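Colleague: next come a sequence and a model predicted from it.
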Amino acid sequence: MITGECPQLGKVMSHAFTMGIQAQPYNTRTDKRMMTTVAKHLNAYSGPEGYGYTFDTHTERFNVDATMTERELREFYLPAFKGSVEANVSGFMCSYSAITLTDNAAASNNTPACANSFLLQEITRGDRNFKDAGATS
């Protein structure tokens with residue numbers, strides 16, 4: 001997903017990208033899309049800067065616990081995902097890291113993203129109303 005200094009720009013860009021890819025013609029024989037999109041990664045898999053990460057992609061990316069507040073998750077990392085969902089993205093890939101929300105004890109803290117019920121059920125299926133498939137990384 002597109003995250004960065006302007007989450008709303010990331011939302012607009014991910015929406016446009018999803019719409020552009022999925023605007024390809026349908027297969028008239030099967031009445032299915034010929035191209036589809038999968039949004040990745042659902043949460044901050046490298047974690048926010050300033051939390052002591054060295055960003056050594058060969059070792060740390062598989063061991064990182066992305067620690068943030070729920071507000072940071074919702075305001076900085078999820079808008080781009082929301083843009084794709086609004087454009088009817090076909091699926092998503094959750095990250096390989098764990099996620100810990102420092103201000104939400106009920107959020108399945110320090111649980112890998114693909115098993116995090118707060119992330120998958122409450123945010124993805126509940127808040128974002130995403131009905132299609134998810135995938136592991």
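Modeller: Perfect, I can see it now.

Colleague: lowest-confidence helix or strand of this protein?
Modeller: Considering only helices and strands, the least confidently modelled element of the chain by mean pLDDT, DSSP states H and E is strand 133-135, at a mean of 59.

Colleague: helix or strand: which one has the residue of the chain most remote from its centre?
Modeller: Most distant residue from the mean C-alpha position of the chain: Arg29, 32.7 Å away (Cα atoms, centre = their mean). Using DSSP states H and E, Arg29 maps to neither a helix nor a strand.

Colleague: contacts for the longest helix along the chain next, please.
Modeller: Using DSSP state H, we find that the single longest helix of the chain is helix 7-22. Contacts made with helix 7-22 from outside it, assessed by Cβ atoms under 8 Å, 6 or more residues apart in numbering, are listed as 1-4, 33, 35-37, 39, 75-77, 79-84, 86-90. (Each C-beta comes from the backbone N, C-alpha and C, glycine too.)

Colleague: report the buried members of those.
Modeller: 1-3, 33, 37, 39, 76-77, 79-84, 87-90 (16 or more other Cβ atoms under 10 Å).

Colleague: so how far is Phe130 from Ile99?
Modeller: Counting by Cβ to Cβ, to the nearest Å, the gap between Ile99 and Phe130 amounts to 17 Å.
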